[in-house]
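>>> Just to be clear, the model below is a prediction. Sequence and coordinates:
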Amino acid sequence: MWPPADQVYADVKRNTRAAVLKLIEREREGELIDKTLLKHILDIFIEVGMGSMDCYERDFEEVLLTETANYYKRKASEWINQDSCPDYMLKAEECLRLEEERVDNYLHPSTKLKLLKEVENEVLTKYENDLLQKEHSGCAALLRDDKTDDLARMYRLFSRIPKGLDPIADCFKEHVEGEGMKLVKEVAEAVEAKKEKDSGKPSKDSGTSYEQQYVRQVIELHDKYLTYVGTCFANSSLFHKALKEAFEGFCNKNVAGSTSAELMANFCDNLLKKGGSEKLSDEAIEETLEKVVKLLAYISDKDLFAEFYRKRLARRLLQDKSASDDHERSILTRLKQQCGAQFTSKMEGMVTDLQLAREKQQNFDEWRQRKNKQLPIDMSVTVLTTGFWPTYKSMDLALPAEMVEGIAAFKEFYEDETKHRKLTWVYTQGTAVLKGNFDPKSLELVLSTLQAATLLLFNEGEELSYSEVQERLNLQEEDVTRLLHSLSCAKYQILVKDPQNKVIGKNDKFRLNVKFTDRMKRIKVPLPPTDEKKKVIEDVDKDRRYAIDAAIVRTMKSRKVLQHQQLVLEVVQQLSRMFKPDFKLIKKRIEDLIARDYLERDKDNPQLFKYLA
């Protein structure tokens, strides 16, 4: 008489299971086994369950998973001690591949995820930190040595385990920020060394070439690690965030006494002006401009960039130094997309102004012909819209008679054409070309309007004192000193100064240097540079106060009553697209608005503000 089937199963399963597990271990060690036989045996476990997986899972799978965990626990502890990080990952990737094959060959498909989870836990989860921190081959070393294949493998492996990518993203962020800080340090040292070398020499734009190089290197760094995010890290949002935070970390540091916002504005200026040091094709310029605008996303003081950029743009447009209108409009379009229409509205107005000014000049020339007005000088006028352009110093310059006649003619033309608009002349931005008849030879002098007006005082060959020059020009002392220094003490000494030294004094006397000459036929006489940076920062600080005031009033108008902390948070949120508001400054502006009766404090709770309509 045969024993019942379940009795037979109970007697055989233990030995069968042990034999199957032994065969699986031998296969893991590289031996060839009969996979078909194994599959038939395992099918019996499923068939005994009569349509249910209980027997397979309880009597075989549970033990398989335990044995698998023990096997890889032993293996992983050996590998972590003897292998480098890349070698360990190769073995981990291979064993995961083989376990998947094992399921396909003879295990039930339902085992796949459970089996892989055991392997991942023993091989990856338990040793992640040890693996990533291996001294000469861990994550930092792979990034340092540009091992892109190994980094991609690391991403593939650790994306399999919960939060497995977080430590890699942290390591990536730390590495990128470290590379950026290295660039900041290098340029600071280079600029400092150049200053020491040039000490005692006339000051130029110290460090400019190094700072230009710095922005170029930051662009290259961004290109490199953005490619890493795409190729090694499968465009993961976690790694995009790490890259963003790394660049924000070092891009908002001061670089050799300048902000990245200023350096980026200077870099763009160098790209866009005639004769800049960046000799690139049109396509390369477009590509570089796009990359600079991408970097701007990491700068917290975008308003500072905007103001520096606007100053440089004004100079390019007014001095006819812009290499291409198309490039100028192209970068403004990109800035508009990145930062909003308000960011570029003034700059776009400036570019449009120049176009309109050319038409206006053409109309002026035609009007003169119609009216038969002959002027003693060739004259072109650029009409600007006050609100778009940086504020320029206004002065009541006493112009030479030749210039006065031209200005009167243009004023008459403008008033004929335009009603209810007032012209204000900005002499500081004008240029003039004078012919200088010196004893050795005649020269063409390219000067500012103020320098030209100064030289024309000496047309009669007389000697003039400092005070006489000041009186005839009707200018302030600092302006007169600057002008006379540029004409008598700098590179081109067109005036002779008595006494002959490099300092302008109020008792000095000046006369035309009739023996002046130069190997060139046409020379440009520069004015001493002014501290433009200080003025830009002052303007931006003033604009920020207005922006904070507006944000506070806007918020309180809609909310009527608000706690101090909530008000500050909402103001920061509103303004953070353009700059990072200082909490102390917000508090100061709130106090100022209370004093001006825009808000009031609650009588019972001083932390609560009410809006006063």
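Great, that's in hand.

>>> which ones are touching the residue nearest to Pro167 when sequence neighbours are not counted?
In this structure, Pro167 finds its nearest non-sequential neighbour in Leu132, 5.6 Å apart by Cβ to Cβ, 6 or more residues apart in numbering. (Each C-beta comes from the backbone N, C-alpha and C, glycine too.) For Leu132, the contact set (Cβ atoms under 8 Å, 6 or more residues apart in numbering) comprises Cys85, Gly138, Cys139, Pro167, Ile168, Cys171.

>>> tell me which of those is nearest to Lys241?
Nearest to Lys241 among these, counting by Cβ to Cβ, is Ile168 at 12.7 Å.

>>> ok, the closest one - contacts?
Leu132, Cys139, Met154, Tyr155, Phe158.

>>> Which single one of those is nearest to Val119?
Nearest member of the contacts of Ile168 to Val119, counting by Cβ to Cβ, is Phe158, at 13.6 Å.

>>> since we're on that closest one, how many residues are nearby?
By other Cβ atoms under 10 Å, the residues close to Phe158 number 23.

>>> got it, and Gly406?
18.

>>> Met379 is in contact with that one, correct?
Yes. At 4.1 Å, Gly406 counts as touching Met379 under the criterion of Cβ atoms under 8 Å.

>>> And Asp54, what's its pLDDT?
Note for Asp54: predicted pLDDT of 79.

>>> brain fart, Glu462
With respect to pLDDT, Glu462 has a value of 80.

>>> for the residue nearest to Gly430 when sequence neighbours are not counted, what are its contacts?
Spatial nearest neighbour of Gly430, chain neighbours left out: Thr449 (3.3 Å); criterion: Cβ to Cβ, 6+ apart. Thr449 makes contact with Leu397, Met403, Tyr427, Thr428, Gly430, Thr431, Ala432, according to Cβ under 8 Å, 6+ apart.

>>> need the contact list for the first one.
Just to be clear, that refers to Leu397. Leu397 makes contacts with Tyr427, Thr449, Leu450, Ala453, Leu473, Asn474, Leu475, as judged by Cβ under 8 Å, 6+ apart.

>>> What degree of burial does the fourth one show, as a neighbour count?
Ala453 sits with 24 neighbouring residues when counted by other Cβ under 10 Å.

>>> got the phi/psi numbers for it?
phi -60, psi -40 (degrees, to the nearest 10).

>>> got it, and the first one?
Here the main-chain torsion angles of Tyr427 (degrees, to the nearest 10) amount to phi -70, psi -30.

>>> Can you tell me how far it is from Glu177?
48 Å (Cβ to Cβ, to the nearest Å).

>>> before we move on, what about the fourth one?
For Ala453, the distance to Glu177 (Cβ to Cβ) stands at 53 Å.

>>> cool, and Lys311?
Lys311 is 30 Å from Glu177, where distance means Cβ to Cβ.

>>> Quick check: Leu447 is in a helix.
No. In this structure, Leu447 is strand, not part of a helix, as judged by DSSP: H, G, I helix; E, B strand; the rest coil.

>>> Pull the number of nearby residues for it.
Around Leu447 there are 26 residues (other Cβ under 10 Å).

>>> shouldn't it be in contact with Ala453?
No. With contact defined as Cβ under 8 Å, Leu447 and Ala453 do not form a contacting pair (9.0 Å).

>>> Show the contacting residues for Lys311.
Applying Cβ under 8 Å, 6+ apart, the residues contacting Lys311 are Ala265, Pro390, Glu532, Val536.

>>> Derive a PyMOL selection command for the buried subset of the residues you listed.
With 16 or more other Cβ atoms under 10 Å as the criterion, this PyMOL line picks the buried residues out of those:
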select buried, resi 265+390+536
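
>>> Adding pLDDT, write the contacts of Lys311 out as a markdown table.
Formatted as a markdown table, those follow (pLDDT from 0 to 100):
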| residue | pLDDT |
| --- | --- |
| Ala265 | 92 |
| Pro390 | 87 |
| Glu532 | 79 |
| Val536 | 86 |
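
>>> Among the contacts of Lys311, which lie within helices?
Ala265, Glu532, Val536 (DSSP state H).

>>> how about those in JSON lines, adding distance to Asp498?
Output for those, formatted as JSON lines (distance: Cβ to Cβ, whole Å):
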{"residue": "Ala265", "distance to Asp498": "43"}
{"residue": "Glu532", "distance to Asp498": "33"}
{"residue": "Val536", "distance to Asp498": "38"}
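
>>> what about this protein, any weak spots by pLDDT?
By pLDDT under 70, the low-scoring segments of the chain are 1-11, 49-51, 198-208, 277-278, 461, 613.

>>> Now the buried members of the contacts of Leu397.
Among the contacts of Leu397, those buried by neighbour count (16+ other Cβ under 10 Å) are Tyr427, Thr449, Leu450, Ala453, Leu473, Leu475.

>>> who touches the last one in this structure?
Contact partners of Leu475, counting by Cβ under 8 Å, 6+ apart, are Met395, Leu397, Leu450, Leu483.

>>> Which strand or helix spans the last one?
With the criterion set as DSSP states H and E, the secondary-structure element containing Leu483 is helix 477-488.
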